[in-house]
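Trainee: kindly return the folded structure for what I paste below:
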Amino acid sequence: MSRYRVAVTGHRGLPEQTMRLVAGELRDYLSRFGSGLVGLSCLADGADTLFAEIVLEVGGALEVVVPAERYRDSLPADHHAAYDALLARAQAVQRLPFVESTPEAHLAAGKLLVDSCDTLVAVWDGAPARGPGGTADIVAYAREHDRPVHVIWPPGASR
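Mentor: Model (predicted):
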């Protein structure tokens with residue numbers, strides 16, 4: 001069976017209404033790949049986790065990139081249980097050599113996701129990155145490397 005590798009980049013801290021809108025579009029997009037889907041994510045709160053949950057829901061496999069040794073500690077405490085549960089369900093985990101969860105580590109992780117996928121899904125409002133390694137930077141990297149980018153930002157979505 002051929003596998004199709006889809007990576008995610010996207011915003012964190014999205015309002016619940018936006019998460020519902022994004023979930024519908026992600027589900028529609030990812031379900032077309034069926035069990036041949038391999039989803040790649042860093043499992044940050046927000047778009048990354050929503051993507052990972054839907055990958056598993058539609059029968060795909062999950063691969064995780066952990067940007068830094070202290071990455072989990074940098075995530076909101078109320079996200080740790082979801083992060084741990086998804087990490088435990090990953091078929092593969094790649095850990096980058098960074099200790100601190102810095103913009104440099106996040107940028108390296110985003111580039112690795114792009115380099116490892118067939119298509120990048122970007123849950124993105126189209127705005128510039130708020131810091132190095134943000135969604136816009138990862139989208140730009142994918143486009144510079146001729147990787148297809150599927151942007152999801154439904155009407156009515158907001159940050």
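Trainee: which outside residues touch the longest helix seen in the chain?
Mentor: Looking across the chain with DSSP state H, the single longest helix is helix 16-31. Helix 16-31 is touched from outside by 6, 10, 14, 37, 39, 46-47, 50-51, 54-55, 57-58, 60, 121, 123, 150, 152-159, with contacts defined as Cβ atoms under 8 Å, 6 or more residues apart in numbering. (Each C-beta comes from the backbone N, C-alpha and C, glycine too.)
Trainee: list buried residues within those residues.
Mentor: Neighbour counting with 16 or more other Cβ atoms under 10 Å marks 6, 10, 14, 37, 39, 46-47, 50-51, 54-55, 58, 60, 121, 123, 152-153, 157 as buried within the contacts of helix 16-31.
Trainee: sort out for me which of those are in strands.
Mentor: Secondary structure defined by DSSP state E assigns 6, 10, 37, 39, 121, 123, 152 of these to strands.
Trainee: how far away is the fourth one from Glu100?
Mentor: Gly39 sits 26 Å away from Glu100 when distances are taken as Cβ to Cβ, to the nearest Å.
Trainee: rewinding a little: between the ones in strands among the buried ones among the contacts of helix 16-31, which is nearest Ala136?
Mentor: Nearest to Ala136 among these is Gly10, at 10.9 Å by Cβ to Cβ.
Trainee: that's all I had, so thanks and see you.
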